[in-house]
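# Build the 3D model from these lines:
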Amino acid sequence: MNLNLKTSLAAAALGVAAVLTVAGAASATPSPTNPANADATTGPTPPSSPVTSGALKAKCDSAIAARLAEITKLEGRIATASTKGHLTSSDATGLLALFQGSNGATAGLQALQTKIDQPGGDPTLKADCETIYGGFRIFALRSPQVHLVIAVDDENHRVTVLDKVAGDLTKLVNNSGGAGIDLDGAKAALKDMTSHLADATSQLATVSTMTVIGDTPQQWNANHALLVPSVTAAKAAHADLKTAAADAHKVLVDLGH
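Numbering: from 1, shown residues only. Below is the predicted model of the structure:
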């Protein structure tokens, strides 16, 4: 039993040691340098002064290329999280649908590029270029969505693992009475662990991954803090689980295991 318990605890400790990855753009607030028609600060922004159509076309082609490259990275992140992490199949399908298929961002950006690069020039070049930013929000919304959903699924898995560890530790504490061991420290750590697990569970319950996946660029355009509540809850849960894992280790140490 002790060997199994140590194995479970080691797995949990390794899991909660992973850093929660949420792009900063998800919690960024609007500023004069990040207007509604721009994407995130990591991507190219539309020119603010008059330029030739050739220069504007080049900037827009570059903006599309940057976003298509980012989408490729995000699709790779989703694939890795599905096979080596704990991203659920339904969440993976939902995330990939943001980029793939006839209605996905990849097809939309490629269609814009075809229009922008058409022989004879694009008669609505400026508007089409602005759509690259306001219509897709790859850096400001899509990237944070992907990382947030992956993080939440990982944290939900860790809750399950640590819940089992807490149950095993409770049995171990109860079976250690009369063995000449001071149980006060172990009991206090176990109580703190269960408290943090309960809070992590409560925090994660406020985050619907399907709702996060369903958030649109138009919603982000109207509310740059769209993902902030979910990001805040996920970070709080991550901190709770890190503390819970440390408490679990303390219980074992206090019991001499």
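# low-scoring pLDDT stretches of the stretch 101-250 of the chain, where are they?
The model of the stretch 101-250 of the chain has pLDDT under 70 over residues 178-180.
# at 80 what do you get?
Across the stretch 101-250 of the chain, the ranges flagged by pLDDT under 80 are 176-182.
# what are the ranges of the helices in it?
Under the criterion DSSP state H, counting those that start in this stretch, helices of the stretch 101-250 of the chain are mapped to 105-116, 125-134, 143-174, 184-205, 209-214, 217-222, 228-254.
# Let's have those helices in a markdown table, adding mean neighbour count and distance to Ala63.
Backbone N, C-alpha and C define where each C-beta goes, glycine included. Formatted as a markdown table, those follow (neighbours: other CB atoms under 10 Å; distance: least, CB to CB, whole Å):
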| stretch | mean neighbour count | distance to Ala63 |
| --- | --- | --- |
| helix 105-116 | 17 | 9 |
| helix 125-134 | 18 | 5 |
| helix 143-174 | 21 | 15 |
| helix 184-205 | 18 | 35 |
| helix 209-214 | 16 | 24 |
| helix 217-222 | 16 | 14 |
| helix 228-254 | 21 | 25 |
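# elements contacting the helix or strand harbouring Asp61?
Using DSSP states H and E, the element containing Asp61 is helix 53-83. Judged by 3 or more CB pairs under 8 Å, 6 or more residues apart in numbering; DSSP states H and E, helix 53-83 is in contact with helix 89-97, helix 105-116, helix 125-134, helix 143-174.
# Quick test: name the residue nearest the centre of this protein.
In the chain, the C-alpha nearest the mean C-alpha coordinate belongs to Leu148, at 1.6 Å (CA atoms, centre = their mean).
# was I right about it contacting Val228?
No: if you go by CB atoms under 8 Å, Leu148 and Val228 don't touch, sitting 10.6 Å apart.
# Let's have the helices of the stretch 101-250 of the chain in CSV, adding distance to Ala58.
Shown next, in CSV, are the helices of the stretch 101-250 of the chain (distance: least, CB to CB, whole Å):
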stretch, distance to Ala58
helix 105-116, 10
helix 125-134, 11
helix 143-174, 24
helix 184-205, 45
helix 209-214, 34
helix 217-222, 24
helix 228-254, 35
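# if we compare those, which one ends up closest to Ser62?
For Ser62, the closest of those is helix 125-134, at 9.9 Å, according to CB to CB.
# could you dump that closest one to PDB, C-alpha only?
Output in PDB follows, covering the C-alpha atoms of helix 125-134 (Å, rounded to 0.1, in the frame of the first residue of the first chain):
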ATOM      1  CA  LEU A 125      -7.300  46.200 -50.000                       C
ATOM      2  CA  LYS A 126      -7.500  48.400 -46.900                       C
ATOM      3  CA  ALA A 127     -10.700  46.700 -45.600                       C
ATOM      4  CA  ASP A 128      -9.400  43.300 -46.400                       C
ATOM      5  CA  CYS A 129      -6.200  43.900 -44.600                       C
ATOM      6  CA  GLU A 130      -8.000  45.100 -41.500                       C
ATOM      7  CA  THR A 131     -10.000  41.900 -41.600                       C
ATOM      8  CA  ILE A 132      -6.800  39.900 -41.100                       C
ATOM      9  CA  TYR A 133      -6.700  41.400 -37.600                       C
ATOM     10  CA  GLY A 134     -10.200  42.100 -36.500                       C
END
